[in-house]
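> Next comes the sequence, and after it the predicted model I'd like to discuss.
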Amino acid sequence: MQTRTELSTLGEFGLINRIDSQFKMVNKETIKGIGDDAAVVNTDGKELVVSTDLLMEGIHFDLTYCPLKHLGFKAVAVNVSDIAAMNAIPKQITVSLGLSNRFSVEAIDELYEGIKLACDEYQVDLIGGDTSSSRAGLVISITVLGVAEKENIVYRNTAKVGDLVCVSGDLGAAYMGLQVLEREKQVYLSNPDMQPELNDKDYAVQRQLKPVARMDVIHSLRDAGILPTSMIDVSDGLAAELLHICKKSGVGAVIFEDKMPIDDQTYLIGTELSLSPMTAALNGGEDYELLFTVSQADYEKIKVVSDISMIGYITNEVKNAHIMMKSGSLIPLTSPGYEHF
Ligand code: ADP
Ligand code: MG
């Protein structure tokens, strides 16, 4: 039996001190972290790039199959991904928590272990937050601060006709991973002694539980001397994100079925669960890859950047995007989007 220490034995300040003691600042820009009325950050004349996410238990995550450590990592990674999508460098985060007394000190330690792993991975400092009790289970809100030179920031509304459409990594695996976990949960609920069989699905499950923010892509584009003309991170499926770029930029796009990067495991799970890998790639969620456009003049440069697929180009067909199927038919992309309410 694991020990369980009630949060009440620490109190709010005890908890904050416990969190504070586990983190060390790594960025010179962090002037003041946890411990005063507000944190102080130096931006050295650069633009400050800010993004926030709110995660509610039962809506955005399910603790039945998402370990707290993974949740902590993921909560930070998805915020860092938003900063990456602006072509900025993340520097600091704040973490605010709503906690019910269901959570022990050990559980919070586990959550912050994951947060710390992500802070190390992305070299960001935890500089503050807020802590409250909650009657709605666990609530996590993370704000991330990043910086960029003004001329390096990449927006969604600046794609140009003729630009190449590029995406990093592969798509659809996180969605398949979620389907696998949901299925295992049902099996587990009906027979808790059953051991899950996830060996051949490890990649997809890991894509769902421990997504990667593609800061590595931001650095390789920079090293290659490429400034994307527009960029967005893929949180709601490629179709929705490409349509965002098209609508904001007042352009259209064509992508090609045979250029879509889809992992073998996504195909295998698709066959097993009777789900379309292409639908998972287009309309699934949580891949956290980067979708961006580059000028045709950068073709030779982008060609040699690893883990990037050129999947299509920007057209003058305003606010519309299509996928050219192998069969030769042209199908409009649609985004059911996520129903949050
Ligand atoms: P205030 O009363 O001014 O809101 P708090 O007592 O809530 O201050 O917080 C004290 C310090 O601890 C602040 O620096 C705050 O940013 C930090 N803090 C509070 N909760 C958290 C948390 N969950 N994670 C990290 N830092 C936190
Ligand atoms: Mg407070």
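Yep, that arrived. Residues are numbered from 1 along each chain as shown. Ligands and ions are numbered 1, 2, ... in the order given.
> C-alpha only now, for contacts and for neighbours.
Noted.
> how about the closest residue to ligand 1 within the stretch 201-341 of the chain, phi and psi?
Ligand 1 sits closest to K210 of the stretch 201-341 of the chain, with a gap of 20.8 Å, by C-alpha to the nearest ligand atom. With angles defined as degrees, to the nearest 10, K210 sits at phi -140, psi 70.
> That one is in contact with K74, isn't it?
Yes. Contact status for K210 versus K74: in contact at 5.7 Å, counting by C-alpha atoms under 8 Å.
> list the contacts for the closest residue to P228 other than its chain neighbours?
Once flanking residues are discounted, P228 sits nearest to V294: 4.7 Å by C-alpha to C-alpha, 6 or more residues apart in numbering. Shown in contact with V294 (C-alpha atoms under 8 Å, 6 or more residues apart in numbering): 163-166, 226-230.
> Which one of those residues is nearest to V50?
S230 (17.8 Å; C-alpha to C-alpha).
> Point out the residues in the stretch 151-300 of the chain that sit beside ligand 1.
By C-alpha under 6 Å from any ligand atom, no part of the stretch 151-300 of the chain sits against ligand 1.
> any weak-confidence spans in the stretch 151-300 of the chain?
Applying pLDDT under 70 to the stretch 151-300 of the chain flags the ranges 194-197.
> As a check, name the ranges of all helices in it.
Remark: helices assigned in the stretch 151-300 of the chain by DSSP state H, counting those that start in this stretch are 173-190, 202-209, 215-223, 238-249, 264-273, 277-283, 299-303.
> could you dump these to JSON lines with mean neighbour count?
JSON lines is the format used below for the helices of the stretch 151-300 of the chain (neighbours: other C-alpha atoms under 10 Å):
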{"stretch": "helix 173-190", "mean neighbour count": "19"}
{"stretch": "helix 202-209", "mean neighbour count": "21"}
{"stretch": "helix 215-223", "mean neighbour count": "16"}
{"stretch": "helix 238-249", "mean neighbour count": "23"}
{"stretch": "helix 264-273", "mean neighbour count": "17"}
{"stretch": "helix 277-283", "mean neighbour count": "22"}
{"stretch": "helix 299-303", "mean neighbour count": "14"}
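> wait, V205 sits on A174?
Yes. V205 sits in contact with A174 when judged by C-alpha under 8 Å, with a separation of 6.8 Å.
> circling back to that earlier point, ok, the residue of the stretch 201-341 of the chain closest to ligand 1 to N316 distance?
Between K210 and N316 the distance is 38 Å, computed by C-alpha to C-alpha, to the nearest Å.
> With neighbour numbers in mind, choose between the two.
The residue with more neighbours, out of K210 and N316, is K210; 21 against 14, by other C-alpha atoms under 10 Å.
> could you list every residue that touches the more buried one?
Going by C-alpha under 8 Å, 6+ apart, the list of residues near K210 reads 70-71, 73-74.
> what's the spacing between stretch 51-70 and its chain's center?
Relative to its parent chain, stretch 51-70 has a centroid offset of 13 Å by C-alpha atoms, centre = their mean, to the nearest Å.
> my read is T3 is in a helix, agree?
No. Counting by DSSP: H, G, I helix; E, B strand; the rest coil, T3 falls outside a helix, being coil.
> Next, count neighbours for it.
8.
> so who does it touch?
E106.
> Can you lay out the contacts of V294 as JSON lines showing distance to H219 and neighbour count?
Shown next, in JSON lines, are these (distance: C-alpha to C-alpha, whole Å; neighbours: other C-alpha atoms under 10 Å):
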{"residue": "D163", "distance to H219": "21", "neighbour count": "23"}
{"residue": "L164", "distance to H219": "19", "neighbour count": "27"}
{"residue": "V165", "distance to H219": "19", "neighbour count": "26"}
{"residue": "C166", "distance to H219": "16", "neighbour count": "21"}
{"residue": "I226", "distance to H219": "10", "neighbour count": "18"}
{"residue": "L227", "distance to H219": "11", "neighbour count": "20"}
{"residue": "P228", "distance to H219": "12", "neighbour count": "27"}
{"residue": "T229", "distance to H219": "16", "neighbour count": "20"}
{"residue": "S230", "distance to H219": "16", "neighbour count": "26"}
